[in-house]
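Q: can you look at this prediction? I've put the sequence above it.
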Amino acid sequence: MFIATLIAPGRLTAGDISEARDRLDAAGCSSVAGGWLDAGDAADLAFTLSPDAARQALEGACAGVDVVVQPAEGRRKHLLVADMDSTMITVECIDELADYAGIKAQIAAVTEAAMRGELDFESALDARVALLKGLDEGVIQRCLDERVKIMPGAEALVKTMRGWGATAILVSGGFTRFAEPVAAKIGFHRAIANRLEIAEGALRGTVTKPIVGAQTKLDTLRAATAEFGLPEAATLAVGDGANDLAMIGAAGLGVAYHAKPIVAAAAAARIDHGDLTALLYAQGIPRAEWVRA
């Protein structure tokens, strides 16, 4: 049995559900049941055949509706591995640091290219950090206070999953000076990120090696899966950039969140419209069971 979850808080209609069932049947997926998770916000449709055909039939079929298709068994995950920048927070921290240095446009262009998979992540990070050489260390805390905002739904997602015993790990190609306080605020068990090197109160323009990139994210997912004795199907990974692709592909449920095109095209599930509470609906959790911040 498979489940297609339709998610569009405040906008989902009975007509959308009916159309989705018709599309499933037309695609040969044999829908068997359907019902609200939260009326007007999210609904589940059960079907018995061809999950790939179901994705093709449903994704983009109804304007503003996110769709997650997966096996019905094991929907509730016990490991979350998440990206930080533009996933658990609303900004790219390196771009915001660059703004204080007066070079945001220059660095943001490289960030965008790296996240689209057009540049090698590690070398692109080295090049961007080098441009920040000499920036006052105090700007990091100022940036954290003034610019870093938690993504809507992040705390509900992490704290609700922790409530049933799941482990949550933040793994970022960004920097520990942001990742550690962000992880603590949201409720992650641990944070892994790059360490900016600082001397005499200023950025040296370097990060400690090895760089946390795509391989580290994948290794983190696999190591935690082994550590907690979990099957791959019990894992959830979410991110938006090309350096998240490997972990998204390896997870039981890999989600591209408001992602770059290369990531959205490759992921088994994507959230284009909703916030991170969509990942609770994807796990079959109605709003009444969410843990609030």
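A: Looks like it arrived, so ask away. Residues are numbered from 1 along each chain as shown.

Q: for Arg177, see how far away the residue lying farthest from the centre of the chain is.
A: Within the chain, Glu200 marks the point farthest from the mean C-alpha position, 35.6 Å out by Cα atoms, centre = their mean. Glu200 sits 17 Å away from Arg177 when distances are taken as Cβ to Cβ, to the nearest Å. (C-beta placed from N, C-alpha, C; glycine too.)

Q: do Leu170 as well
A: For Leu170, the distance to Arg177 - Cβ to Cβ - is 13 Å.

Q: more neighbours: which of those two?
A: Leu170 (29 against 20; other Cβ atoms under 10 Å).

Q: flag the shaky bits of the stretch 1-150 of the chain, pLDDT-wise.
A: Residue ranges of the stretch 1-150 of the chain with pLDDT under 70: none are present.

Q: any chance you could map the strands in it?
A: Secondary structure of the stretch 1-150 of the chain by DSSP state E, counting those that start in this stretch: the strands cover 2-7, 31-38, 42-47, 66-71, 79-82.

Q: take those strands and lay them out in JSON lines including distance to Pro210.
A: Compiled in JSON lines, those are given as follows (distance: least, Cβ to Cβ, whole Å):
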{"stretch": "strand 2-7", "distance to Pro210": "37"}
{"stretch": "strand 31-38", "distance to Pro210": "42"}
{"stretch": "strand 42-47", "distance to Pro210": "40"}
{"stretch": "strand 66-71", "distance to Pro210": "33"}
{"stretch": "strand 79-82", "distance to Pro210": "18"}
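
Q: which of these sits most buried?
A: strand 79-82 (a mean of 26; mean count of other Cβ atoms under 10 Å).

Q: partners of it, with directions?
A: Strand pairing for strand 79-82, determined by DSSP bridges: strand 167-175 (parallel), strand 235-239 (parallel).

Q: want to throw those strands into TSV with mean pLDDT and distance to Ile3?
A: Converted to TSV, those look like this (pLDDT from 0 to 100; distance: least, Cβ to Cβ, whole Å):
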stretch	mean pLDDT	distance to Ile3
strand 167-175	98	23
strand 235-239	98	15
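
Q: quick check: which of those strands is buried the most?
A: Most buried of the strands paired with strand 79-82 by mean neighbour count (mean count of other Cβ under 10 Å) is strand 235-239; its value is a mean of 28.

Q: which residues touch that strand?
A: 77-83, 87, 217, 221, 224-225, 244, 247-248, 250-257, 259, 263, 276, 279, 283 (Cβ atoms under 8 Å, 6 or more residues apart in numbering).

Q: same deal with stretch 267-279?
A: For stretch 267-279, the surrounding residues in contact (Cβ under 8 Å, 6+ apart) are 7-9, 42, 55, 59, 64-66, 68-70, 88, 151-154, 156-157, 236, 238, 245, 248-249, 253-259, 263-264, 282, 287, 290.

Q: Pro231 and His78 touch, don't they?
A: No - contact status for Pro231 versus His78: not in contact, 9.2 Å apart, counting by Cβ atoms under 8 Å.

Q: count of residues packed around Arg76?
A: Residues lying near Arg76 (other Cβ under 10 Å) number 13.

Q: now do the contacts for Arg287.
A: When contacts are counted by Cβ under 8 Å, 6+ apart, Arg287 touches 38, 41, 277.

Q: could I get the buried residue list for stretch 73-93?
A: The neighbour-count criterion (16 or more other Cβ atoms under 10 Å) identifies 75, 77-89, 91-93 as the buried residues of stretch 73-93.

Q: count of neighbours near Ala114?
A: Around Ala114 there are 25 residues (other Cβ under 10 Å).

Q: how close does it sit to Tyr100?
A: 20 Å.

Q: backbone phi and psi for the residue farthest from the centre of the chain, please?
A: Dihedral pair for Glu200: phi 50, psi 40, per degrees, to the nearest 10.

Q: give the contact list for Asp198.
A: No Asp there; residue 198 is Ile. Each residue near Ile198 by Cβ under 8 Å, 6+ apart is listed here: 137, 204.

Q: do you know how far it is from Glu180?
A: Ile198 is 15 Å from Glu180, by Cβ to Cβ.

Q: now Arg222
A: Distance, Arg222 to Glu180, using Cβ to Cβ: 23 Å.

Q: one more: Ile186?
A: Distance from Ile186 to Glu180, counting by Cβ to Cβ: 11 Å.

Q: so which of the two has more stuff around it?
A: More neighbours surround Ile186 than the other of Ile186 and Glu180, with 24 against 17 (other Cβ under 10 Å).

Q: how about the contacts made by the more buried one?
A: Taking Cβ under 8 Å, 6+ apart as the criterion, Ile186 is in contact with 88, 150, 154-155, 158-159, 170.
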